[in-house]
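**Student:** here are the coordinates; sequence isn't available:
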Ligand code: NAD
């Protein structure tokens, strides 16, 4: 028997363009339910002509109706959107569970509340975006009054992945709106439905037409058209390193501001003094949450040799204790992977791990006749193996021993990526030293990947360029202009 609820809302599948819901001119694409593999919805796809129309509407709003809304008014509208997200929290969480397979509890506990928190955090910023008065040496002997203005960047394309659609969209949408920009959202093919429902809520809020638009469609068509469009001033992209690299090449042509939140291969370092009982749930979450489809997944677990066997046993046990199944069953802890290609990719990495000599401690198999489920998997391996070098984006951990803090840092930093890192220790000095030495954008000590709107988020190296959230999100969504008045 399935626990999947009947949807109490009509699915929104059309584009939200210029303040109206309209069919896309590039036809439709099919979104599957990853728990069953069955078709879930036919979603409209935006063509390059639709992108042109959206950019025109966004440009008109930027200089017209949206510019006319005072800062506190913008904040009030963003708060109103947060109110409606809270009202429709169950619908939004259900849409994500149906569309991309996240356990419904996780969607209810993290995805939706994080979106609400981000909207409210930046709603508060809307009337506090200030430049500064700047002392200076004067102009050819004359005094000056100099100051900076913080102005909107302009029309922003927000390109979103499927693994945490609402949460990641919030990190882009909320600061962009608070700073007076207009936003064209391109959801991922595998997770458009919750974001299209959010478009309904934006319509209900009454943002002026063109301020928020949602254009589902293929990345290589809709996304690519947005990225190269000369009327788009900034691309805020979250997704794979490979696509991010391509986007940065294209945006260079028009000098678009470009924020890239890309893949990761993050380290979790278990020091010799760590309290294992306290850290096991956190390590497990870092590896298995959202079936490992998490940019910050702590998929390389470095363990001091004195604790190595205990951690392998414990993590193997944690893998075995996971309950795979229907995302709507409250006992489920792990949902499916998002699609068949992702499942096959993960299984390919499992095969590569075994072929390269890693020892399989737990999991490793696809599960069930229907849907795209893979068992949580733990390998004992080395940092040189493919499973420790490439982003798997599935519930697969490689556990690697070390003998000293120096070796832990060297191994952890020996990667193409630099998104996040976790350190488990009860020694404060060690915690600070390792945090300073880890080459990553965000470090958690004794807790995997704290994600809050107040905390800047983003990566180094192949994990990306720029930061979202916190005050960094304000800086990333404004241009600084210097005005010097010669007195
Ligand atoms: P993806 O790169 O395949 O797609 C991301 C988005 O880009 C989708 O909306 C897609 O349609 C669009 N896209 C694809 N090709 C495009 C193109 N040529 N031009 C413009 N847009 C294009 O990524 P995915 O598989 O959806 O997401 C998984 C990846 O996202 C993982 O690598 C993961 O680590 C990363 N991610 C990073 C963060 C972070 O904060 N750093 C957060 C979540 C996910």
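**Tutor:** Looks like it came in fine. All values derive from a computational prediction rather than experimental measurement.
**Student:** wait, is residue 147 part of a helix?
**Tutor:** No - Residue 147 sits outside any helix when classified using DSSP: H, G, I helix; E, B strand; the rest coil, being strand.
**Student:** where do the strands sit along the stretch 51-200 of the chain?
**Tutor:** Secondary structure of the stretch 51-200 of the chain (DSSP state E, counting those that start in this stretch): strands at 133-134, 144-152, 155-159, 182-186.
**Student:** give the buried residues for the second one.
**Tutor:** Put plainly, it is strand 144-152. For strand 144-152, burial by neighbour count (16 or more other C-beta atoms under 10 Å) applies to 144, 146, 148, 150, 152. Yep, even glycine has a C-beta here, placed from its N, CA and C like the rest.
**Student:** and the residues you listed as a markdown table, adding pLDDT and distance to residue 89?
**Tutor:** Below are the buried residues of strand 144-152 laid out as a markdown table (pLDDT from 0 to 100; distance: C-beta to C-beta, whole Å):
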| residue | pLDDT | distance to residue 89 |
| --- | --- | --- |
| 144 | 98 | 52 |
| 146 | 98 | 47 |
| 148 | 98 | 39 |
| 150 | 98 | 33 |
| 152 | 98 | 30 |
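**Student:** distance to the ligand added to those, as CSV?
**Tutor:** CSV is the format used below for the buried residues of strand 144-152 (distance: C-beta to the nearest ligand atom, whole Å):
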residue, distance to the ligand
144, 42
146, 37
148, 29
150, 24
152, 22
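**Student:** returning to what we had before: in a markdown table, list the strands of the stretch 51-200 of the chain along with distance to residue 229.
**Tutor:** Conversion of those to a markdown table gives the following (distance: least, C-beta to C-beta, whole Å):
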| stretch | distance to residue 229 |
| --- | --- |
| strand 133-134 | 35 |
| strand 144-152 | 17 |
| strand 155-159 | 8 |
| strand 182-186 | 9 |
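**Student:** nearest to residue 300, out of those strands?
**Tutor:** strand 155-159 (27.3 Å; C-beta to C-beta).
**Student:** between the closest one and strand 182-186, how many degrees?
**Tutor:** Strand 155-159 runs at 20 degrees relative to strand 182-186, counting by axes from the mean of the first three to the mean of the last three C-alpha atoms, to 10 degrees.
**Student:** lowest confidence element among the helices and strands of this structure?
**Tutor:** helix 276-288 (a mean of 93; mean pLDDT, DSSP states H and E).
**Student:** show me what counts as buried in it.
**Tutor:** 279, 280, 282, 283, 284, 285, 286, 287, 288.
**Student:** kindly report the same for stretch 86-106.
**Tutor:** So stretch 86-106, judged by 16+ other C-beta under 10 Å, has buried residues 88-89, 91-106.
**Student:** ok, stretch 211-227 next?
**Tutor:** Buried residues in stretch 211-227, defined by neighbour count with 16+ other C-beta under 10 Å: 211-219, 221-227.
**Student:** list just the nearest of the residues you listed to residue 393.
**Tutor:** Nearest member of these to residue 393, counting by C-beta to C-beta, is residue 219, at 15.9 Å.
**Student:** the closest one and the ligand: what is the separation?
**Tutor:** Residue 219 is 2 Å from the ligand, where distance means C-beta to the nearest ligand atom, to the nearest Å.
**Student:** what's the end-to-end length of stretch 287-302?
**Tutor:** 13 Å (C-alpha to C-alpha, to the nearest Å).
**Student:** same question, stretch 133-152
**Tutor:** 19 Å.
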